[in-house]
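> Build me a model from this:
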Amino acid sequence: MTTSRINLRKQSKVDTQLLDRLEELENFVGNTPLYPIQRAYQKKGVKIYAKLEWQQLGSSVKARPAFNIFKEAVATGLITRDQHLLDATSGNTGIAYASIGAALGVPVTLCVPENASKERKLILESLGVEMVYTSRFDSTDGAQDRAKELKAQYPNKYYYADQYANDHNWKAHYYNTAPEIFRQTAGQITHFITGLGTTGTFTGTSRRLHKLNPNIRCISMQPDIAMHGLEGWKHLPTAKVPKIYDATVADENWKVGTEEAYQWIKTFAQKEGMLLSPSSAANLAGAVRLAEQIDEGVIVTIFPDSADKYSEVLKFVFG
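Got it, this is the predicted structure:
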């Protein structure tokens, strides 16, 4: 046990049983496999890899920031079993919060746009989440506003995690995702490309990759229009820009269309045997576009989740 951990245990507000349980759960967060894409796209001298982020607790990339936010809140006494963890989410972070909260015995309250997929709603409700639905027209921006209102109304009931402004979001990727990628590619990665939502994945991973090797090119992506079908992504010109976003981290900024992503869902299923979510397919579209522009290199992207929560998208793509 480290000295800092001993000191934490001496703080009256810190629940040491929760800390012990978090240590056990940490074995099931991160360390996801790096999948080599071979049949869906090939080019001599260029390799594309994708992190299969659904293979961890909570079934998405959001397990990383959700766990880190939970861990820091417990370790510093900001949350106990008597409080609710509160946040706004479009679904995946909420599912990660709910999974961790259920395992800890900590209640979770989530503000979610009412047009979230029925699969997400069912999963969240099944995990015992207290749901607060917000207008479908306000996206996650409206959900954030409602979460802030609840925190102001009931300050003692809620710990407001605020994933869009919480530095422990991007730090989860800085200290874990980036080192994993660097190790899994034996330091051979030349390009990193992924989409922007809370922006934590891109910001944290890119910051660390640039430190590990300043020559690695990091490219961010966002939807090409405000009304898009890429769940979890933000069209920054028309949305609230997350406080954790750092525009200086990106070497380039690209746009991706929903239709382009949907085309890759079908191609990847038939060529690689995996059903991708729209956001994963959009990341793949960007990685392939990048591969077309270079003569050699190792490209890594993120597959945030699978298609398990997107039955309506699959009906549209394959129908």
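> When you work out contacts or count neighbours from here on, use the C-alpha atoms and nothing else.
Fine.
> Could you give the bridge partners of the residue nearest to residue 89 when sequence neighbours are not counted?
Sequence neighbours aside, residue 112 is the residue nearest to residue 89 in space, at 5.5 Å (criterion: Cα to Cα, 6 or more residues apart in numbering). Taking DSSP bridges as the rule, residue 112 bridges to residue 133.
> Can you check the pLDDT for residue 112?
pLDDT for residue 112: 94.
> need the contact list for it.
With contact set as Cα atoms under 8 Å, 6 or more residues apart in numbering, residue 112 has these partners: 88, 89, 90, 91, 131, 132, 133, 134, 140, 143.
> residue ranges with poor pLDDT in the chain?
Filtered on pLDDT under 70, the chain yields the residue ranges 1-12.
> in the stretch 101-250 of the chain, which spans are helices?
Under the criterion DSSP state H, counting those that start in this stretch, helices of the stretch 101-250 of the chain are mapped to 118-126, 139-153, 167-172, 178-184, 200-212.
> Out of those, the one nearest residue 234 is which?
For residue 234, the closest of those is helix 139-153, at 9.2 Å, according to Cα to Cα.
> Let me know how buried the residue nearest to residue 151 when sequence neighbours are not counted is, in neighbour terms.
Residue nearest to residue 151 in three dimensions, not counting chain neighbours: residue 158, with 6.0 Å by Cα to Cα, 6+ apart. For residue 158, the count of nearby residues is 24 (other Cα atoms under 10 Å).
> hang on, isn't residue 158 packed against residue 85?
Yes. When contacts are counted by Cα atoms under 8 Å, residue 158 is listed as touching residue 85 (5.9 Å).
> What separation do you get for the residue nearest the centre of the chain and residue 217?
The centroid of the chain falls nearest to residue 62 when counting by Cα atoms, centre = their mean (3.4 Å). Remark: distance between residue 62 and residue 217 (Cα to Cα, to the nearest Å) = 23 Å.
> quick check, residue 48 in a helix?
No. Counting by DSSP: H, G, I helix; E, B strand; the rest coil, residue 48 falls outside a helix, being strand.
> secondary structure element for the nearest residue to it once chain neighbours are set aside?
Nearest residue to residue 48, sequence neighbours excluded (Cα to Cα, 6+ apart): residue 299, at 4.7 Å. Per DSSP states H and E: residue 299 is located in strand 297-303.
> and that strand, which strands flank it?
Assessed with DSSP bridges, strand 297-303 is paired to strand 46-52 (parallel), strand 191-195 (parallel).
> how about the ones you listed, which one is nearest residue 294?
strand 46-52 (7.7 Å).
> List every C-alpha atom in that closest one, with coordinates, as CSV.
What follows is strand 46-52, C-alpha atoms only, in CSV (Å, rounded to 0.1, in the frame of the first residue of the first chain):
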residue,chain,number,x,y,z
VAL,A,46,0.3,1.1,-44.7
LYS,A,47,-1.3,-0.7,-41.7
ILE,A,48,-4.6,0.3,-40.0
TYR,A,49,-5.3,-0.9,-36.4
ALA,A,50,-8.4,-0.2,-34.3
LYS,A,51,-8.8,-0.4,-30.5
LEU,A,52,-11.8,-2.6,-29.7
